[in-house]
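Peer 1: turn this into a structure:
(3 chains)
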Amino acid sequence: MGKKLYHGAAWYPELWSENVLEEDIKQMKEAGINVARIGEFAWSSMEPHEGRIDLSFFVQIIERLYENGIDTVMCTPTATPPIWFSHGHPERMYVDAELRTMGHGSRQHACTNHPYFREKAAVVTEHIARAIGSLPGLIGWQLDNEFKAHVSECMCRTCLTQWQQWLEQRYTTVERLNEAWGTQIWSEYYHRFDQVPQPGPAPFLHNSSLKTMYQQFSMEKIAEFAYEQAAIIRRYSSAPVTHNSSMAFSVDNERLFRSLDFASFDTYATTDHVPAFLINNDLFRNFKRGRDYWIMETSPSFAASLTSYAKPHPSGYLRAEAAASYALGAEAFCYWLWRQQRAGCEQPHGSVLSAWGKPTVGYPSVLEVEQTRQELENVILSTRPAQAETALTYSDRAKAFLKTEPHRKVNHRGLMTDFYTRILNTGIHRDVVPEGSELDGYKLLFTPFLPYITAEYIDRAIELVEKGSIWIVGPLTGGRTEEHTIHTDSALGSLEQLAGVEAVYTFPMDGSGTIGHAFGHSAPLSLWSSVFMLEGATAVGTMEGGLTPELAWITEKRHGKGKIVMLGSMPAGEDGQRLIEALITHYADEARVTLRSDVTPGTIFAPRSGDGFEVWVIVNMDGNGGSVTITQAAVDQFTKEPDRCRHTAGTWQI
Amino acid sequence: MGKKLYHGAAWYPELWSENVLEEDIKQMKEAGINVARIGEFAWSSMEPHEGRIDLSFFVQIIERLYENGIDTVMCTPTATPPIWFSHGHPERMYVDAELRTMGHGSRQHACTNHPYFREKAAVVTEHIARAIGSLPGLIGWQLDNEFKAHVSECMCRTCLTQWQQWLEQRYTTVERLNEAWGTQIWSEYYHRFDQVPQPGPAPFLHNSSLKTMYQQFSMEKIAEFAYEQAAIIRRYSSAPVTHNSSMAFSVDNERLFRSLDFASFDTYATTDHVPAFLINNDLFRNFKRGRDYWIMETSPSFAASLTSYAKPHPSGYLRAEAAASYALGAEAFCYWLWRQQRAGCEQPHGSVLSAWGKPTVGYPSVLEVEQTRQELENVILSTRPAQAETALTYSDRAKAFLKTEPHRKVNHRGLMTDFYTRILNTGIHRDVVPEGSELDGYKLLFTPFLPYITAEYIDRAIELVEKGSIWIVGPLTGGRTEEHTIHTDSALGSLEQLAGVEAVYTFPMDGSGTIGHAFGHSAPLSLWSSVFMLEGATAVGTMEGGLTPELAWITEKRHGKGKIVMLGSMPAGEDGQRLIEALITHYADEARVTLRSDVTPGTIFAPRSGDGFEVWVIVNMDGNGGSVTITQAAVDQFTKEPDRCRHTAGTWQI
Amino acid sequence: MGKKLYHGAAWYPELWSENVLEEDIKQMKEAGINVARIGEFAWSSMEPHEGRIDLSFFVQIIERLYENGIDTVMCTPTATPPIWFSHGHPERMYVDAELRTMGHGSRQHACTNHPYFREKAAVVTEHIARAIGSLPGLIGWQLDNEFKAHVSECMCRTCLTQWQQWLEQRYTTVERLNEAWGTQIWSEYYHRFDQVPQPGPAPFLHNSSLKTMYQQFSMEKIAEFAYEQAAIIRRYSSAPVTHNSSMAFSVDNERLFRSLDFASFDTYATTDHVPAFLINNDLFRNFKRGRDYWIMETSPSFAASLTSYAKPHPSGYLRAEAAASYALGAEAFCYWLWRQQRAGCEQPHGSVLSAWGKPTVGYPSVLEVEQTRQELENVILSTRPAQAETALTYSDRAKAFLKTEPHRKVNHRGLMTDFYTRILNTGIHRDVVPEGSELDGYKLLFTPFLPYITAEYIDRAIELVEKGSIWIVGPLTGGRTEEHTIHTDSALGSLEQLAGVEAVYTFPMDGSGTIGHAFGHSAPLSLWSSVFMLEGATAVGTMEGGLTPELAWITEKRHGKGKIVMLGSMPAGEDGQRLIEALITHYADEARVTLRSDVTPGTIFAPRSGDGFEVWVIVNMDGNGGSVTITQAAVDQFTKEPDRCRHTAGTWQI
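Peer 2: Next up, the predicted model:
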């Protein structure tokens, strides 16, 4: 890896006959596919009978691909244990929140914490790693498939025991757990760890700590499984290991990728949700800093299954996606899937070839992507993505908090994508950074929707502020402890003193008639909000109407060479969007953020740094064209003409 | 049967005291009720204790009805096994998709595949048949009640075993099943039939073959039960056997009625859904060709239960329904129910008499129906329904396919009724014919929404085409195999060559911006669609915008003396409706369909053939009146005046 | 009790440290809190290990409150059994309608009918009563918390057995049950009581009698539990016992309060639903006649939990609520809760102090309430609520009937609140009276939405009518028997003869095109309706269109000195509201109702009687001000000026 741009597709050779495979490889070469992802779900082909494992088919496939110039990402097949694992063993299966035990026939039906699952998964993975780990053409590994995409926290008896052990490890004594969770409330109080239940059926809500910690337990266990699996592979292979993840799954991606070698994601956003596509790139680039990420799955045309289908991509959009991804740091742009399934439940899903081996409606787009890949390869390989000056903090732990406490059905991913869209619209280049990331180099840091903020994070942010950056905190940030309880010293804990405010009241703004003013804009305030009395800070956002017209909802305070800005509420509607964009622009100006442009909406620029030069890749995403001012002397990489004027991007032009 | 038009009602004499029964019979005569349907649900009255069966009450009732000029349809009571069957025997009960075991107290609570159910059902039915089978006045039998109306596929352990046996019978070896279903996908692969699960709880979707075959298994088993029951009855009775079915239930009606003697259905459509009422008549007439069907249940006023009620019929509508039914081939028009229930869960349901024995709000309509019945009886009995020249193929197997694969929540019944409405609106008389029907005599054949099309059906259709008919195929037709997988030779299998097209792409049109043009109309295209390259065919429908503007979505090709028309997509909205109606008219003209009229919308004509003469019964269904041109010399049956002018139908006038 | 107006808050001292408690008591005094409600949910603090009960903490808290001038309402903690009760004992837990067994961690997780629950509840309550029953400052008891708020009818095995015993007690022989319920229908018929099931999972609806009786069983059992608990307390304490109930819970409040000493309720209506707040006051005042009720819980600002939040009260609204409540007969106005929870699942809920001990956004309103309480205390203590002349009958048994038979999702509470709003809007003072209440003194009696009307109720109403009152019956009243079956003599049983009508038809009016005319207004008729032929009555409401234009939907008939008015249907929409208000005003005029005013909408008056004088407390609820004409010489209690003019109420002014 690292020596080319990859253009790939998921391939299931175990499902097809020899003549189809031959045709497939021939057509892959014609379509410019240079990497295939294989092995996913193939456990029953590899180990049809328990203990009888034969990988010769896959060895031969990888060799054959290699001979044809196609590299391989090998997957472990652990998302789909065979019937010999499932049949007659309900105790090994995933149990959902309604306590329904899953059966065989779909995927993710096994409890990934069950010791027997772990054992059999280790065995098959070891066999695979040994057989395949050093084959030429094997360039990477993918563990399992989309952890926790269809399931979330398992409620089986195995998980109950492990949960109780996990709690014992975390809290040492049950008294500490009782204290941390405040379990005297509603007489929840436990005398022994083995009394602590899973958050199963109950007449009303469970304790927030129980709910959030159970999610944390689940996310740690799946990361642990990934670690175990990666460790096995590393004994036999030097190829890097990843997992195809997503913001949408019930995993802590930061925790998960800590033990993996590179990040990758799957995305099926339609053209109606361009920011939902882009945020992945800006986020996954930052899970493994300095290491390119992969788009492991996206449709060449549309996602579909027996029970749903998405709007197909219009002409040119796939190329725009690929160009944007490569430019934003992706090493690979891969399809799900190469050949349409003939059976199962995803037959309608968009593919490169049809089940009968003909180009699909997405095929012309695939050729465009390949052309783009070739055009961009040199410039991409000779540069690295520029670090943004603006960072938006992302946390899957926060996602868990908001799943426990959705207030009024708020959804972490939705909130984050909306906030991200506000930044995107200002033309400022941005990193979306995991909670635990280094913050060096960011002039502007946004930390919204992070109910629990660690002391360590605050330290990093404050260090940044002291050096001159602006830190914008909120909304919904800081009001909860690590255990998902409420602070008992102040609304927002230590944040308040740092920000020079007292968060006098916290309450839901919706329907309260409160209008927020700031940066020359006004909008009704919404969401669970904090309102501030100044204790050293300056009021930037004021209120009219509602219950607290005398207080502030945005404040700022100098700290060291920088500034801490508290954003207590969320202005709603289109007026609210404009207000937030004005806030972003205001502080970007003040922080002297330069990695920005005047790109027209629908167009993005992706800045990259070479050895003594900079490159901007400009991509129009909405098919309407757009423009951007290049303020420095520049050379158009395609025309090789010097260019310092206003550049008008054509439709899907790069 | 066959000697009069019946006007009937469901009656539950076992629920009422002697003086009520006497009053009921008296009032039935006054209202013109000449057939009563009894015995449904009365198992506990017939066999209060297991094995102690006494049918004297029902014998006496039938004799008494007969003495009063009222015939009887006797029902088997198997939809409601008594408490001695249910109590303490969860293993005998129906288990739903959430694996909840049903309890006693409603209906259809038993698993109809449980051997003990079959045994006890056989015993009670044999007793009934023996006691009642040759009574004068006993003119027919109804098995059970509305098979699979409240339930669908049972998930109990008995069904699991029988399902595995059924699979073994179908596939002989498990390897054939694996191959047919493509079970190497997701490691579903089975080594033995006893490993194949029911499609129970799973994290994501089950294999389409599993889902569809489980429905097919269930539909065959209920037909098998019907056959067993009918065979018992036939040993003791020559009266014909039916079942009160519906397009809405989880049964394969064609398969079901194969072993029964005449077809019947229940319908509760309101005036807002006239085509939903009419389609039943045009369909059930064709389940037992040459044999009149019955409307076994309809409300004199409105359907209702404890938890719902429908809009009551306006004055005159019931009479229009009855006239339309008799004219379209119904021998009987029967109410549910005669006397309002005083207990249970359907007390609010519309009836002829109230629980206190008075006429209900529907009663005046019942008198109108009786008047209409008398007016029509002679003309109906001296004629037979004319075979239409236009046929619309109906398949409950297709219903199962679309339940497995609803794309975007499409619903077979809804799609079919909409397409039927298009034909209805053109004024063309039509048959809705079961998939396996003979097609002789049809000039125009529509085959939409049939994902799997048998070779045998294609042969029949092609034979028709060769003789000069036009066959219009699609949308959603032909893209799936018998096993609910995808073809691997082409999108639509052998259809393409016959139709002279290549279905180049199949994809969802909604939101793709594709406008279809044809027959002078334009509309956005929708649904999962196929688009065609011409391989001998001519383009009739072209596209603008979207992904495939160069291809065709409607094609036609001469074949023999006729034509095959491929309809690849569904134009949406009111423009789309107009386009489809234009298509129908266009091909009806071309096929020289003559059994049609210029009836104004809301009015229908029902053509019947006598010995050397034709009769058109004209019924206005919407209460607004309407008109139709009688193009031949005709005599008004009521005025006996010659009539060759434009006939203006009055409100509800026949 | 009875010597002051209380202003209280729920307090959970067991959850907080000593220094917090000290601060809390200090702040309570500052905020004017003179009563604390404690002990709710504290079972695990009181009896951490089974059988080891220590109440010294609570004794000390009550003494300490008393020393600080704060009285106590002590709660029994039975809504939340500790882990030693729950853990490993699924058979003791509540089972819901889907047969899911509840786990520990929320509340109401125990089956309140389980003998072990009853036993342990008795033990802990006896200990509490003994330790606390005669403490100074202990002024009242609250049993448990919000019975059946999160749960309804338990479906566990214990309940099954008790249900069958309850049935045996009610019906003596199973044959009587069969007859009463009409169980020959659908072969439900039972041979023994131990065969009668709970209304669990079924393919379609259960028998209405089964469903309604199971609710009645459940409501009686919870009242029985309350009685057992109250009896224990009374052995050790003379302080009165209540329960914090609601119209929304699955209890029969009239039955429940029969064995308790005073009534109380919880309410969380927002300003958008003022009538939903007021109806509670007008109803709960009448559960224990002559005894003031308590508002045991309301939020100082807004209700919220992890998964929801309500709109916060605008400034001044809480004060209006408190003034209205005190004036309408409340002795206490209490908050949930004093200090925001730091843990659990209700942390976001509005409170008086925050979790960190600071005033919340609701605090200023609390101070206003205290000011109002002080201003009103003398006038309230020297007067009693005047009995209204207009009564609206309320029945939780009717609520159960409508839960069994919701027709089209109608909801008893919604229907009742809407009808109440119609009366409220006319400016007529009203009592909402339980079904079993004495009716003496009412000139105008409304009895809508009472499907089953007892003979005894009819006797009381007729007695009233004979003395000169007007009784308005319907809609939805009288059409069902005690067993939730249909009458077999006439639609509405004995009502018809009394009212001089025959209810010729009963049917759903929605969509039937029927327009009702009456009192100069017209509106489309809706709901399941009865239409009348006159048998001595006069038509007051006539119909146009629909199926029954010749009949009446409102009739009246003189009876004795009064009148019986039948209201057969519900006029819909805003026109319908106006029509009903016209009806109310018309009959209030005719009945010479004088306890009424011309208050403008949004303002209410609460009349009270002193020793030789009357007081009207006037409260504007909507913040827009309002006016009312004082027709007698009056003195403004605050200005002490004589006042006989049109009084303009200021915003929230009393």
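
Peer 1: which helix in chain A has the most residues?
Peer 2: helix A:208-234 (DSSP state H).

Peer 1: can you tell if it touches chain B?
Peer 2: No: Helix A:208-234 is not in contact with chain B by Cβ under 8 Å from any Cβ of the partner chain; minimum separation 14.1 Å. To be clear about C-beta, it is placed using only N, CA and C from the backbone, and glycine gets the same treatment.

Peer 1: so what's the backbone phi/psi at the closest residue to chain C within chain A?
Peer 2: For chain A and chain C, the shortest gap (Cβ to the nearest Cβ) falls at A:G182, measuring 2.5 Å. Backbone geometry at A:G182, expressed as degrees, to the nearest 10, gives phi 60, psi 40.

Peer 1: same deal with A:Y293?
Peer 2: The phi/psi pair for A:Y293 (degrees, to the nearest 10) is phi -100, psi 170.

Peer 1: reduced to three states, what does A:L177 come out as?
Peer 2: Three-state call for A:L177 (DSSP: H, G, I helix; E, B strand; the rest coil): helix.

Peer 1: excluding its backbone neighbours, what's nearest it?
Peer 2: Leaving aside its sequence neighbours, A:L177 sits nearest to A:Y171 (Cβ to Cβ, 6 or more residues apart in numbering or on different chains; 4.1 Å).

Peer 1: okay, now that neighbour: neighbour count?
Peer 2: 19 (other Cβ atoms under 10 Å in any protein chain shown).

Peer 1: show the pLDDT at the closest residue to chain B within the stretch 501-650 of chain A.
Peer 2: Closest to chain B within the stretch 501-650 of chain A is A:G623: 10.9 Å, counting by Cβ to the nearest Cβ. We have a pLDDT of 89 for A:G623.

Peer 1: state the distance from it to A:R373.
Peer 2: According to Cβ to Cβ, to the nearest Å, A:G623 and A:R373 sit 20 Å apart.

Peer 1: ok, now A:Y6?
Peer 2: 8 Å.

Peer 1: shared neighbours of these two, anything?
Peer 2: With contacts defined as Cβ atoms under 8 Å, 6 or more residues apart in numbering or on different chains, the residues shared by A:Y6 and A:R373 are A:F333.

Peer 1: now do the contacts for A:A230.
Peer 2: A:141, A:143, A:241, A:259-261.

Peer 1: excluding chain neighbours, what is closest to it?
Peer 2: Excluding its sequence neighbours, the residue lying closest to A:A230 (Cβ to Cβ, 6+ apart) is A:V241, at 4.6 Å.

Peer 1: that neighbour touches A:R235, doesn't it?
Peer 2: No: using Cβ atoms under 8 Å, A:V241 is not in contact with A:R235; the gap is 11.8 Å.

Peer 1: between those two, which one's more packed in?
Peer 2: A:V241 (25 against 10).

Peer 1: chain B contacts on the stretch 1-150 of chain A?
Peer 2: A:12, A:14-15, A:41-45, A:48-49, A:77, A:80-84, A:87, A:94, A:96, A:100-109, A:150.

Peer 1: quick one: the most far-flung residue of chain A relative to its centre and A:M28, what's the gap?
Peer 2: When distances to the mean C-alpha position of chain A are computed (Cα atoms, centre = their mean), the maximum falls on A:E550, with 39.7 Å. Look at A:E550 and A:M28: by Cβ to Cβ, they are 67 Å apart.

Peer 1: the closest residue to A:G626 other than its chain neighbours: what's it in contact with?
Peer 2: Once flanking residues are discounted, A:G626 sits nearest to A:T603: 3.2 Å by Cβ to Cβ, 6+ apart. Residues near A:T603 by Cβ under 8 Å, 6+ apart: A:618-622, A:625-628, A:649.

Peer 1: where strands are concerned, which of those count?
Peer 2: Per DSSP state E, strands hold the following members of the contacts of A:T603: A:618-620, A:626-628, A:649.

Peer 1: can you tell me which of these are buried?
Peer 2: A:618-620, A:626, A:628, A:649 (16 or more other Cβ atoms under 10 Å in any protein chain shown).

Peer 1: so which of the contacts of A:A230 are in strands?
Peer 2: Going by DSSP E, the strands hold A:141, A:241 from the contacts of A:A230.

Peer 1: can you put the contacts of A:A230 in a markdown table and add distance to B:H484 and pLDDT?
Peer 2: Formatted as a markdown table, these follow (distance: Cβ to Cβ, whole Å; pLDDT from 0 to 100):
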| residue | distance to B:H484 | pLDDT |
| --- | --- | --- |
| A:W141 | 34 | 98 |
| A:L143 | 32 | 98 |
| A:V241 | 37 | 98 |
| A:S259 | 41 | 92 |
| A:L260 | 38 | 98 |
| A:D261 | 40 | 98 |
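
Peer 1: which one among the contacts of A:A230 gets closest to chain B?
Peer 2: A:L143 (16.0 Å).

Peer 1: and the closest one, how many neighbours?
Peer 2: 27.

Peer 1: measure the residue nearest to A:L177 to A:Y452 for me?
Peer 2: For A:Y171 relative to A:Y452 (Cβ to Cβ), the value is 17 Å.

Peer 1: do the same with A:D440
Peer 2: For A:D440 relative to A:Y452 (Cβ to Cβ), the value is 23 Å.

Peer 1: neighbour count winner among the two?
Peer 2: Neighbours per residue (other Cβ under 10 Å) separate A:D440 from A:Y452, with A:Y452 holding more: 22 against 11.

Peer 1: among the residues of the stretch 1-150 of chain A next to chain B, which lie within helices?
Peer 2: Per DSSP H, those map to helices at A:43-45, A:83-84.

Peer 1: and which of the residues you listed is nearest chain B?
Peer 2: Taking those together and measuring to chain B by Cβ to the nearest Cβ, the closest member is A:S44, at 3.6 Å.

Peer 1: hmm, back to that, show me what contacts the residue of chain A closest to chain C?
Peer 2: With contact taken as Cβ under 8 Å, 6+ apart, A:G182 is in contact with A:207, A:209, A:485, C:15, C:341-344.

Peer 1: which of these sit farthest apart?
Peer 2: Within these, two members stand farthest from each other by Cβ to Cβ: A:S209 and C:L15, at 13.8 Å.

Peer 1: residues shared between the contacts of these two?
Peer 2: Common neighbours of A:S209 and C:L15, counting by Cβ under 8 Å, 6+ apart, are A:182, C:343.

Peer 1: quick one, strands of the stretch 451-600 of chain A?
Peer 2: A:470-473, A:501-508, A:515-518, A:521-526, A:528-534, A:538-544, A:552-559, A:562-567, A:570-571 (DSSP state E, counting those that start in this stretch).

Peer 1: deepest-packed of these, please.
Peer 2: Of all the strands of the stretch 451-600 of chain A, strand A:570-571 carries the top mean neighbour count, a mean of 30, counting by mean count of other Cβ atoms under 10 Å in any protein chain shown.

Peer 1: parallel or antiparallel, list what pairs with it.
Peer 2: Paired strands of strand A:570-571, with direction, are strand A:521-526 (antiparallel) (DSSP bridges).

Peer 1: chain center to the strand it pairs with: distance?
Peer 2: Its chain's average C-alpha position is 29 Å from that of strand A:521-526, according to Cα atoms, centre = their mean, to the nearest Å.

Peer 1: kindly report the same for stretch A:534-553.
Peer 2: Taking Cα atoms, centre = their mean, the mean C-alpha location of stretch A:534-553 is offset from the chain mean by 35 Å.

Peer 1: how about stretch A:255-263?
Peer 2: On Cα atoms, centre = their mean, the centre of stretch A:255-263 falls 12 Å from that of its chain.

Peer 1: flag every buried residue along it.
Peer 2: Of all the residues in stretch A:255-263, those buried under the rule 16+ other Cβ under 10 Å are A:255-257, A:259-263.

Peer 1: check those residues one by one and keep those near chain B.
Peer 2: Of the residues in the buried residues of stretch A:255-263, proximity to chain B by Cβ under 8 Å from any Cβ holds for none.
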